[in-house]
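Enquirer: This is the structure alone, sequence omitted:
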């Protein structure tokens, strides 16, 4: 199961967070800070899996942005690793530039791909279908 | 009104939107907090407006702020307002905010129930979708209860998008409201075969998660998953299924055997690393579950190990990591296969990545041997020195200790070396594991008699340099080793060379800064030291020296008497008084040493830490009285824990025989009472090591190793343990030489040390003879000793509630399922038309059984099973699937159906019976016997002649099958049937071949589903197939509404040449008392 999904920049600012198990708001901040610290402390030649407390972090770095996923011991690390890339590709396809201002849409994409902590959809067109509908509604 | 609207939109122009907020925050780096609180004030204003667009915008900004860590729970009500907006663009903002910040504790959440229900039933699929997504984040038990039925209905929605989400959300609903699991399960199960791959994958996900927690309830789904596994090409789904099998296979080794082949095929063929990794993991799980009965078993391991080696050798660090991770799983059961890759693992220790090194460390634990222990530990010690992070260093430290101490120090051949290692480890600053080192020191010193002298000298050195170790008591866990050092020096003070000096060291004022428990040990052991010094001096006739030492004690002890720690204070005052008394005697020139030393006579022997914890308090025993009871008493007490030890022993195979331990303990206690310095029992109980030491002449008399006491701690140069490595090498080399020459004579040694070593070992016969033997094995080693954690699950585990036996209609599960089955049906709407769940492969033979009525209250649930009798199946496959049920049940069942029923359900009315597959099988076998309660119906095939309908060639085929109704429309392009299918021949002619399988209907137990596979054998196109069956009184084919009983049911597909496809037909049954035969006709057009 996926426990949380984070996008964090190098300065440690959270750019997106989604928790699949409830975490107190004040604990989130601490958790995110530690997670980023963990990821930042690693160099490129280290593996993308970090054992952290009772779960594992799988992360990938895209320029200044880290995508970090917290998973429990039953999740397939490699699959999550691929998920992250897939997610970023979808973002890349949908957004021309800045995603910061479209946080809600990023959430829509994420919710299409991961629900309940399960990876549910990998097909790019299916993932984006609701967004396109939404865009049409917005235009009209 | 209009004015208001206009005003609202004008206002909006001045509001910040999310983009402005983000920018604003960026531009106010210095006073971010102030800026944000200002924004929040604005948002509060916006939320007060009536304009929903303004509110939505405000909520959108709040969501962002929440992500930054600001509490927005105060806006919960506004969020609900936005959720209920009619416009989708707003609604989704509301739901997003809710999904981010609502949780079970949010009280307004109950206000949302109706809104969510409304959204769930919205005609717009995206309204529904967004509600479902949101719900998955904040569903509460109440919401789950209230909405379970709505969501369940959505599982059969026409839109796959909705079905998919509904299926996934059900998982959360199950968790929050476990009662919903049984009613919803049949539908969930049927989603496994949903024509939409997304829905299918969702169902796989949910069932996998459920099954992982409570695998046994899902064993009956194995055939279905097997089919999915062999047919699916979606790696994501495959991963899940394979993971699920990993959870199931420990319960059913036969399942494992079945899996090996397809899994190894996948391993060979797949290019996806994630899938490969999952396959390897499951194969490992399978191999673990198999009791080595498999012939090609080792081939599979080899395959896995090979593949893993490739992963580990890969330059991709991720693969390397995973390879090591999986390797450690193999290590547990097949250490030999892994050991051959030691070189590779050792290489990984040098990896720049800490995660990888840690994994490699785990592996090393299982790979050490007598030969390589020193080498490996040396390597680890180097890493300890280099290590930067304390976490990694601590990890290394524990690993070193684990590795060395495992299996009762099995691999240690030279304990001097080990003590040196431990002493070196005390140089680590800031480690949290001082107590571990201390425990090892104590353990070794106590249990390895021959090492005591050496250990004492080392410990004395530690005490002397205590200021180095204890410099920073607050953060420094390492001072724990002083506890061990003090105890060892005191207890074995007879080995101490410079007892005076050590005593001085222990009396230093600085000691009072140590933690209380350590000071207490100091105080206690000072007296031991003092006693032995006293004895020495008296024996030597140095009365003055004896008095001096007494005086020293009297001068220094008061500092402990003033201690804030009660334990220290109490001990110190007692001892101070004692020594004052001794002083008086000394002044009178009365020899006291013998009496003082008698206070500490006898051996203190180790007890496993768990042993004491596990001793139950026998009834009526006063624990306080224990110590002073006569020996007989303590003996009887000793007997009790045996069973407990026994338990433990099963878990830890290396645990020694408990009885021996217990006896030994008892004896030792007695022995202590006798106050004999040399304990005869001791020797008896462990004769061999003792003997060995006695045989090695002169050990005790060889002068103590001459080491400048302060050297190892103060000189940073070559670690001391290295000396031992060298010595050990020499020793081994020598041994070897000697062996080769078959000479037993020693060679001359250059140094005393060498001499000592070798003298110990020259005569040993082993390849690598240990330098010392572990004397007593009372103790358990600490590593992986999780005492009883395995059993006790977290009582709060939400998954526990889901440990529900799901009814498997044909599986032979025990009685419980019956009852649950009922529950299931209660909630189910009777007219579910949904396609029936197939359970192919289950019945080799078919029979029709009907079950008695189930309870009335639930209405018309009857369960019938159709069992048809037919020829022999060939079924090993079948046998396999059949046997997935626990064997005992099957034997028990045949005769006792009535009982079963009764037992199962305490209900007044109907007895419902679950048929087990096995049962059915038996019945079939008996076919002719009958004799069961239920009657079987045999269906026979009848051949009918072809009829000519209109023109051309229509042939009607003999078909004896039931009618159709619900159709699994021809999605299954018939690939070769899964091997375990149990389809039986129905009818065949040159054009077409039909095979069928019958299942009870989970959702409506007065129905059975017949799956018929039509295979076109001709070279022409078959179309307009239609199946008609003559209803009997008892058994009727379900036809679409409005059609008459004479209408046939069209088969929903056409068949190109050589293709086969499957259709399902549903029959209703009135009773299962009689066997039923049905006649039917299949007509089709050949083109």
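Expert: Cool, got the structure. Small disclaimer: the values here were computed from a predicted structure and weren't measured.
Enquirer: number of nearby residues for residue 91?
Expert: Because you didn't say which chain, this covers chain A. 19 (other C-beta atoms under 10 Å in any protein chain shown). Glycine gets a C-beta too; all of them are placed from N, C-alpha and C.
Enquirer: could you do chain B instead?
Expert: For residue B:91, the neighbour count with other C-beta under 10 Å is 25.
Enquirer: can you tell me how far it sits from residue B:56?
Expert: 9 Å (C-beta to C-beta, to the nearest Å).
Enquirer: Common neighbours of these two, please.
Expert: B:82, B:85 (C-beta atoms under 8 Å, 6 or more residues apart in numbering or on different chains).
Enquirer: Just the strands from chain A, written as ranges.
Expert: Counting by DSSP state E, chain A has strands at residues A:2-9, A:14-19, A:49-52, A:55-62, A:65-71, A:114-115, A:118-119.
Enquirer: swap in chain B?
Expert: In chain B, the segments counted as strands under DSSP E are B:849-853, B:862-865, B:954-959, B:984-988, B:992-1000, B:1007-1016, B:1022-1029, B:1035-1037, B:1049-1050, B:1060-1069, B:1080-1086.
Enquirer: Give me the below-cutoff pLDDT ranges for chain A.
Expert: Chain A contains residues with pLDDT under 70 at A:97-100.
Enquirer: same check, this time on the stretch 301-450 of chain B
Expert: For the stretch 301-450 of chain B, no stretch is flagged by pLDDT under 70.
Enquirer: which parts of it sit against chain A?
Expert: Taking C-beta under 8 Å from any C-beta of the partner chain as the criterion, the stretch 301-450 of chain B approaches chain A at residues B:317-318, B:320-322, B:352-356, B:358.
Enquirer: Helices of chain A, start to end?
Expert: A:25-40, A:77-94, A:103-113, A:124-139 (DSSP state H).
Enquirer: which of those sits most buried?
Expert: Neighbour counts (mean count of other C-beta atoms under 10 Å in any protein chain shown) averaged over each of those peak at helix A:103-113, with a mean of 21.
Enquirer: Identify all contacting residues around it.
Expert: A:5, A:7, A:16, A:18, A:83, A:86-87, A:90-91, A:94-95, A:99, A:119-122, A:126-128, A:130-131, A:134, B:18, B:60, B:63-64, B:67, B:92-93, B:96, B:133.
Enquirer: mind running it again at 6 Å?
Expert: Contacts of helix A:103-113 with the rest of the structure, by C-beta atoms under 6 Å, 6 or more residues apart in numbering or on different chains, involve A:16, A:18, A:90, A:99, A:121, A:127, A:131, B:96, B:133.
Enquirer: Export the residues you listed to CSV and append columns for distance to residue B:1054.
Expert: Output for these, formatted as CSV (distance: C-beta to C-beta, whole Å):
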residue, distance to residue B:1054
A:16, 50
A:18, 47
A:90, 39
A:99, 49
A:121, 32
A:127, 35
A:131, 38
B:96, 47
B:133, 40
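Enquirer: Quick check: the residue nearest to residue B:174 when sequence neighbours are not counted vs residue B:148, distance?
Expert: Using C-beta to C-beta, 6 or more residues apart in numbering or on different chains and skipping residues adjacent in sequence, the residue nearest residue B:174 is residue B:181, 4.7 Å away. Using C-beta to C-beta, one gets 10 Å for the distance from residue B:181 to residue B:148.
Enquirer: Close to chain A: what parts of chain B are there?
Expert: Chain B has residues B:19, B:22, B:67, B:69, B:71, B:96, B:103, B:126, B:133, B:136, B:168, B:171-172, B:202, B:205, B:236, B:239, B:273-274, B:277-278, B:317-318, B:321, B:352-353, B:355 near chain A, with proximity defined as C-beta under 6 Å from any C-beta of the partner chain.
Enquirer: Which members of the residues you listed are classed as buried?
Expert: B:22, B:67, B:96, B:103, B:126, B:133, B:136, B:168, B:171-172, B:202, B:205, B:236, B:239, B:273-274, B:277-278, B:317-318, B:321, B:353, B:355 (16 or more other C-beta atoms under 10 Å in any protein chain shown).
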